[in-house]
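**Q** Sequence first, predicted coordinates after that:
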Amino acid sequence: MNNNSTKILLLMTLMSGVLISISANSWLGAWIGLEINMLSFIPLMATNKNIYTTEASMKYFIVQTLASSTLLFLIISKSIIEELYMIFNNHLSSMIVCTPLLLKSGAAPFHWWFPSIMEGLSWINCFILMTIQKMAPLMLISYSLNMNLFMWIVILMSVTIGSIGGMNQISIRKILTYSSINHMGWMLAAMSIGENMWFIYFFIYSILNLTIIMIVLSQQISFINQTFMMGNEITTMKFLMFTTLLSMGGLPPFLGFLPKWIIIQHMIINDMNFIISLMVIMSLMTLYYYLRICYASFIITNMGPSWIIQFHKSKITLLSMVLSSISMFGLILFTLMINIF
């Protein structure tokens, strides 16, 4: 798709679908918003530069249609059986309605479609799939959430599969995919604190995700071994990627630790010590494959062979610099603001 006006139109309808779902006062309106969002994203996935986009768009269409039709069927059947305002008064109803929404958002154990689709997308579409496409399902889950045994199993499976699944991956897209599954578990756990806490986590995760994608997009890299030849003449780019990946892993000096800190504190107060210990251990395991990507950042003085032809010059965009600075100094600024005000 080369027509920029078409892309702008589809992006507008994609965002309008998210807003319709979030602001709908009935489940039918929320379902319509989800359908508008899905049908706007599928044409954006198609491109002539990548042969895998057709397969990825077909897989995405089938999975999302399955989730949407299941959601519509469950809503209609429950509203027939019970009164509409009694839908979420018990844990079973919440579990039934949350299941297709978890499938849409790619949480484990409903994540089976996520890695293969991500591998066939461009970097911009990867960012949309990991962030914007999860906003409406997560918001609808937060409306109808009951923190029962089913949700804690989903949270623990998301955190575990997201950390273990990225261990043997060499594709940066799949590593970011399993990282997204891991963060989904933390976002669902954040919903137990309040309706706004998961949104803070999601906002910080989106900033970190955008920073990494801007860096790999400017360098045109897709695999770990390509990071060793990434901008040898510009060490700043490596440093930015290094710090952003550590921030996404939740290392304390960086902004990515802030929402995890709040979740850890809240769950310890509520005597959920075993669950939060397992989540922290699995989150530390994700640092392993983050460090594999930024290994070249440690070896800043590495040399490149003279026969490698540089087809493009490395560029550091202003947006990457600003977002990386927010990632590095955000936690310090937030703590200063809290202590001062």
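**A** Looks like it came in fine.
**Q** in the helix or strand where residue 162 lies, what's buried?
**A** Element membership of residue 162, judged by DSSP states H and E, is helix 149-164. Neighbour counts over helix 149-164 (16 or more other C-beta atoms under 10 Å) mark 150-151, 154-163 as buried. For glycine as for every other residue, the C-beta is placed from the backbone atoms N, C-alpha and C.
**Q** do you know how far residue 71 is from residue 140?
**A** Distance, residue 71 to residue 140, using C-beta to C-beta, to the nearest Å: 9 Å.
**Q** Overlap in contacts, the two.
**A** Residues touching both residue 71 and residue 140 (C-beta atoms under 8 Å, 6 or more residues apart in numbering): residue 101.
**Q** ok but residue 254 is inside a strand, no?
**A** No - Residue 254 is assigned coil when assessed by DSSP: H, G, I helix; E, B strand; the rest coil, not a strand.
**Q** OK, contacts around it?
**A** Applying C-beta under 8 Å, 6+ apart, we find residue 254 in contact with 243, 246-247, 327-328, 330-331.
**Q** among those residues, who's most crowded?
**A** residue 247 (27 neighbours; other C-beta atoms under 10 Å).
**Q** ok so that residue is a strand residue?
**A** No - under three-state DSSP, residue 247 sits outside any strand and is assigned helix.
**Q** That one reaches residue 256, doesn't it?
**A** Yes - proximity of residue 247 to residue 256 meets the contact threshold set by C-beta atoms under 8 Å, at 3.9 Å.
**Q** who touches both of those two?
**A** Joint contacts of residue 247 and residue 256 (C-beta under 8 Å, 6+ apart) are 208, 327.
**Q** Scan this protein for its longest helix.
**A** Scanning the chain for the longest helix, with DSSP state H as the assignment, gives helix 53-81.
**Q** after that helix, next one along is what?
**A** Using DSSP H and E, the helix or strand that follows helix 53-81 in sequence is helix 91-105.
**Q** Using CSV, list the CA coordinates for the helix or strand harbouring residue 262.
**A** Element membership for residue 262 (DSSP H and E) is helix 257-269. C-alpha atoms of helix 257-269 as CSV (Å, rounded to 0.1, in the frame of the first residue of the first chain):
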residue,chain,number,x,y,z
PHE,A,257,10.8,-0.2,37.0
LEU,A,258,8.3,2.4,38.2
PRO,A,259,5.0,0.5,37.4
LYS,A,260,6.5,-2.8,38.4
TRP,A,261,7.5,-1.2,41.7
ILE,A,262,4.0,-0.1,42.4
ILE,A,263,2.6,-3.6,41.5
ILE,A,264,5.1,-5.4,43.7
GLN,A,265,4.4,-3.1,46.6
HIS,A,266,0.6,-3.5,46.3
MET,A,267,0.8,-7.3,46.0
ILE,A,268,3.2,-7.6,49.0
ILE,A,269,0.7,-5.5,51.1
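**Q** Identify the farthest-apart pair in the contacts of residue 254.
**A** Spatial extent of those (C-beta to C-beta) is set by the pair 246 and 330 at 13.0 Å.
**Q** Which residue is the nearest non-sequential neighbour of residue 241?
**A** residue 215 (4.8 Å; C-beta to C-beta, 6 or more residues apart in numbering).
**Q** for the one you found, phi and psi?
**A** Main-chain torsions, residue 215, degrees, to the nearest 10: phi -70, psi -50.
**Q** From what I see, it and residue 239 are in contact.
**A** No - with contacts counted by C-beta under 8 Å, residue 215 stays clear of residue 239, the gap being 10.5 Å.
**Q** So for these two, which sits in the more crowded spot?
**A** Between residue 215 and residue 239, residue 215 has the larger neighbour count (other C-beta under 10 Å), namely 25 against 15.
**Q** Next secondary structure element downstream of the lowest-mean-pLDDT helix or strand in the chain?
**A** When each helix and strand of the chain is scored by mean pLDDT, DSSP states H and E, helix 295-298 comes last, with a mean of 62. Next along the chain after helix 295-298, taking DSSP H and E as the criterion, comes helix 318-340.
**Q** What helices and strands are in contact with that following helix?
**A** In terms of contacts (3 or more C-beta pairs under 8 Å, 6 or more residues apart in numbering; DSSP states H and E), helix 318-340 is packed against helix 197-219, helix 235-249, helix 257-269.
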